[in-house]
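Asks: Have a look at this prediction, sequence included:
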Amino acid sequence: MTMTISTPADRETATADSDPELAARFEREALPLRDVLLRGARRLTTNEADAEDLLQDTLLAAYKGFRTFTPGTNIQAWLFRIMQNRWINNFRRKQRRVDEVTMDGITEGALAAGTRRAPAAPHSVEAELFGGIADDDVTAALGALPEGYRLVLYYAEVEGYTYAETAAILSIPPGTVMSRVYRARQRLRIALAHKAVGRGAELDDEIAA
């Protein structure tokens, strides 16, 4: 069985970083989950091409880092964690590109009015969940959550899995998923509320200065 990931150059790099036994294990344990991963990628992206790109990116990163996977643990959760990290990194790069308005995107009328017009970002779950969260404060708040809370929030809220499906992916009871999602939301609200209060105080100080 031959693993197909991205370009031939990428496959050569991945093979050089591995060994035949490790490659065989990856093909046996990880590649059968390709369809499951593709469904997750489709939930995160705006079209089939982007979903395929995210899947390939995830599989390549997983293959290169497969030595770090602990045999006997939940490989599906491990793969989805890699996909989550790749998706967030790609999203942040996309946001930076959207924010960089070029002269080609500014009309003479906009210049005369002293305004700028940027191309609209594609609508997706990213925009819904991370739209205001391109903000580093929100990203930091998510990153500060305990991993157990962060993972259930990701699968249940970002990917759209049911609590039962999330429980199966993480090998925990559905009741634990419900409890962790609730507590994760509470922690996020508290953390972001503190940030908002802090920023408000800073703004008051600036105005008073």
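Replies: Happy to help now that I have it. Small disclaimer: the values here were computed from a predicted structure and weren't measured.

Asks: Show me the strands in the protein, by range?
Replies: Counting by DSSP state E, no segments of the chain form strands.

Asks: Show me it divided up by domain.
Replies: 1-97, 135-209 (automatic domain parsing).

Asks: now these as JSON lines including mean pLDDT and mean neighbour count?
Replies: C-beta: built from backbone N, CA, C; applies to glycine. Output for the domains of the chain, formatted as JSON lines (pLDDT from 0 to 100; neighbours: other Cβ atoms under 10 Å):
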{"stretch": "domain 1-97", "mean pLDDT": "78", "mean neighbour count": "16"}
{"stretch": "domain 135-209", "mean pLDDT": "76", "mean neighbour count": "15"}
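
Asks: Extract the CA atoms of stretch 48-62 and return them as CSV.
Replies: Listed next in CSV are the C-alpha coordinates belonging to stretch 48-62 (Å, rounded to 0.1, in the frame of the first residue of the first chain):
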residue,chain,number,x,y,z
GLU,A,48,-13.8,21.0,-1.1
ALA,A,49,-10.4,22.1,-2.4
ASP,A,50,-9.5,23.8,1.0
ALA,A,51,-10.7,20.7,2.8
GLU,A,52,-8.4,18.5,0.7
ASP,A,53,-5.5,20.9,1.3
LEU,A,54,-6.1,20.8,5.1
LEU,A,55,-6.3,17.1,5.0
GLN,A,56,-3.1,16.7,3.1
ASP,A,57,-1.4,19.2,5.4
THR,A,58,-2.6,17.3,8.4
LEU,A,59,-1.5,13.9,7.1
LEU,A,60,2.0,15.2,6.1
ALA,A,61,2.5,16.8,9.5
ALA,A,62,1.3,13.7,11.2
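
Asks: what's next to it, contact-wise?
Replies: Here stretch 48-62 makes contact (Cβ atoms under 8 Å, 6 or more residues apart in numbering) with 5-6, 10, 14, 26, 30-31, 34, 37-38, 41-42, 44-45, 69, 78-79, 82-83, 86-87, 90.

Asks: again, but for stretch 71-80
Replies: For stretch 71-80, the surrounding residues in contact (Cβ under 8 Å, 6+ apart) are 25, 29-30, 33, 36-37, 40, 58, 62, 69, 151, 154-155, 159, 169-171.

Asks: do stretch 142-157 as well
Replies: Here stretch 142-157 makes contact (Cβ under 8 Å, 6+ apart) with 77, 80-81, 84, 129, 133, 161-163, 165-166, 169-170, 176-177, 180-181, 183-185, 187-188, 191.

Asks: These in helices, which ones?
Replies: 77, 80-81, 84, 129, 163, 165-166, 169-170, 176-177, 180-181, 183-185, 187-188, 191 (DSSP state H).

Asks: Okay, helices next: where are they in the chain?
Replies: Using DSSP H, helices in the chain cover 8-16, 20-29, 34-44, 48-64, 75-99, 108-113, 125-130, 136-144, 147-153, 163-170, 174-208.

Asks: Next, find the distance separating Tyr63 from Ala49.
Replies: 21 Å (Cβ to Cβ, to the nearest Å).

Asks: can you check Ala41 too?
Replies: 11 Å.

Asks: try Tyr155
Replies: Distance from Tyr155 to Ala49, counting by Cβ to Cβ: 24 Å.

Asks: same deal with Asp35?
Replies: Taking Cβ to Cβ as the measure, Asp35 falls 17 Å from Ala49.

Asks: All good on my end, thank you.
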